[in-house]
Structure formats: structure tokens, C-alpha cells
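Visitor: What follows is a protein structure lacking sequence information:
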């Protein structure tokens, strides 16, 4: 099992739709989780950290499920500008802070 | 405007050349990173520096040689690279090296090896 796995997509949704991505991780000792956004041929940018209690920022909600070892990202009322690749990042844990990136999930929002 | 600046943006070099990538961060961060991003593959961490000291070398071949003269600058010296080293090389920084530390990335250097 890969350390961090994401469905590469693409997820093709109309404007206004609600879309959710999951990211599974293999190391139960992992403690830190993030979602980044990467536009085509651009650098990754932090979208949000994922806390045990969940985290909401406007239209974006991130959740952590430790029992099943996955994190999720929910986007409500999708905008055309949300089209990007969403990267899941998990710190290795167990005393290691090494961040492990998923391959990313591609989202295309169409009119 | 990014707080992490990388130069050059694009680099084409032969396998016998020597070149260097430069990264500078203006965020007052203490930790800096080099990543490699190849097509269809996830970002791979290469090196981590914390307060100018190398804390991680993620099994990177010796043809890649990092240098961190101070907390604001990071270099990646390249020598005798292979075609499979063609990729986007990203520099990042964070306040400190540790858990719960989000990273800020530069625009990257797109490297092509002939």
C-alpha cells in the first residue's frame, strides 16, 4: 500500500456542484495533514491544514478520520476557478516530520 | 507575489555540465526544502535544512549537492545529471522543521537534461 493515495480523477463537475475527495494514508503514526492546491505548471499552495476536529474555510471543509486513516476535502458551490489539482500531504509521523505528498486529484469545473 | 524566489525559471543543460539552482526566501523562515516533481509522479522530498543544518537527505544521488549558507538561501548544485533528472525542482520554506508546519513553495525551476 502506498504511503499516501489519492484518486487522480479527473473529477469533472458543473459550476455550483459539491465535490469531495478522499486521501488515504498508510502510517497510523502520522500526525499532520494538509491539503494543497496546484494549478497547471504552477507551484503548490497551501489550501488548509486538517485538524482532528475538522476544519472549515468558506466553501472548503477538511475532515480527518483516524480510524479509517483517511482525510477528506469537500468543496461546496464549485467555481470555475476551483479547477486545479488538489494534493494531500501527510507527515510521516513516529518522530519523523518528512512530508509525503499524494499524486493529487484533478478537478475540472465547467460552466 | 511569492515569498520564495527561485532562479532560473528554466534550465537546459547537457549531461556533462555543472549548474546551480538558487532559492531565496523572504519570510523569515528557519527551514528550507528541495523537492523534485516529475510528470505523473508525486512531489518527492530531496533535502531539508533547518537553521542551515541538513536534517534530511532522502536518498538523493550524489550528483545533486545542496548548500545552505544561511537560513534565507538554498542552492542545489547539479553535476553529471541523467535524462531522468529532467523535472520541476521546487524549493519551499516553513517557519520551522517539525509537525504542523505548512510549507510555502517557490515557482520552481523546470530542468531539461539533453
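Guide: Alright, I've got the coordinates. Remember, it's a predicted structure, so these values are computed and weren't measured experimentally. Residues are numbered from 1 along each chain as shown, chains lettered A, B, ... in the order given.
Visitor: wait, what's in contact with the nearest residue in space to residue A:25 that is not next to it in sequence?
Guide: The spatial neighbour of residue A:25 that comes closest, neighbours along the chain excluded (Cβ to Cβ, 6 or more residues apart in numbering or on different chains), is residue A:90 at 4.5 Å. The way it works is simple: take the backbone N, C-alpha and C, and place the C-beta from them, glycine included. Applying Cβ atoms under 8 Å, 6 or more residues apart in numbering or on different chains, we find residue A:90 in contact with A:3, A:4, A:23, A:25, A:27, A:30, A:32, A:33, A:71, A:99, A:100, A:102.
Visitor: mind putting those residues in JSON lines, neighbour count and distance to residue A:50 included?
Guide: Below are the contacts of residue A:90 laid out as JSON lines (neighbours: other Cβ atoms under 10 Å in any protein chain shown; distance: Cβ to Cβ, whole Å):
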{"residue": "A:3", "neighbour count": "16", "distance to residue A:50": "16"}
{"residue": "A:4", "neighbour count": "24", "distance to residue A:50": "13"}
{"residue": "A:23", "neighbour count": "25", "distance to residue A:50": "9"}
{"residue": "A:25", "neighbour count": "25", "distance to residue A:50": "11"}
{"residue": "A:27", "neighbour count": "17", "distance to residue A:50": "15"}
{"residue": "A:30", "neighbour count": "22", "distance to residue A:50": "11"}
{"residue": "A:32", "neighbour count": "19", "distance to residue A:50": "8"}
{"residue": "A:33", "neighbour count": "26", "distance to residue A:50": "4"}
{"residue": "A:71", "neighbour count": "25", "distance to residue A:50": "5"}
{"residue": "A:99", "neighbour count": "25", "distance to residue A:50": "13"}
{"residue": "A:100", "neighbour count": "22", "distance to residue A:50": "14"}
{"residue": "A:102", "neighbour count": "27", "distance to residue A:50": "13"}
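Visitor: Include pLDDT when you put the residues you listed into CSV, please.
Guide: Converted to CSV, those look like this (pLDDT from 0 to 100):
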residue, pLDDT
A:3, 89
A:4, 94
A:23, 97
A:25, 95
A:27, 91
A:30, 90
A:32, 90
A:33, 94
A:71, 97
A:99, 90
A:100, 92
A:102, 95
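Visitor: Identify, from the residues you listed, the entry nearest to residue B:25.
Guide: Within the contacts of residue A:90, proximity to residue B:25 (Cβ to Cβ) peaks at residue A:99, which comes in at 16.9 Å.
Visitor: show me what contacts the closest one?
Guide: Contacts of residue A:99 by Cβ under 8 Å, 6+ apart are A:32, A:34, A:89, A:90, A:91, A:92, B:45, B:103.
Visitor: Just grab the bridge partners of it for me.
Guide: Beta-bridge pairing for residue A:99 (DSSP bridges): residue A:91.
Visitor: Check what pLDDT the nearest residue to residue B:12 once chain neighbours are set aside gets.
Guide: Nearest residue to residue B:12 in three dimensions, chain neighbours excluded: residue B:112, at 4.7 Å (Cβ to Cβ, 6+ apart). pLDDT for residue B:112: 95.
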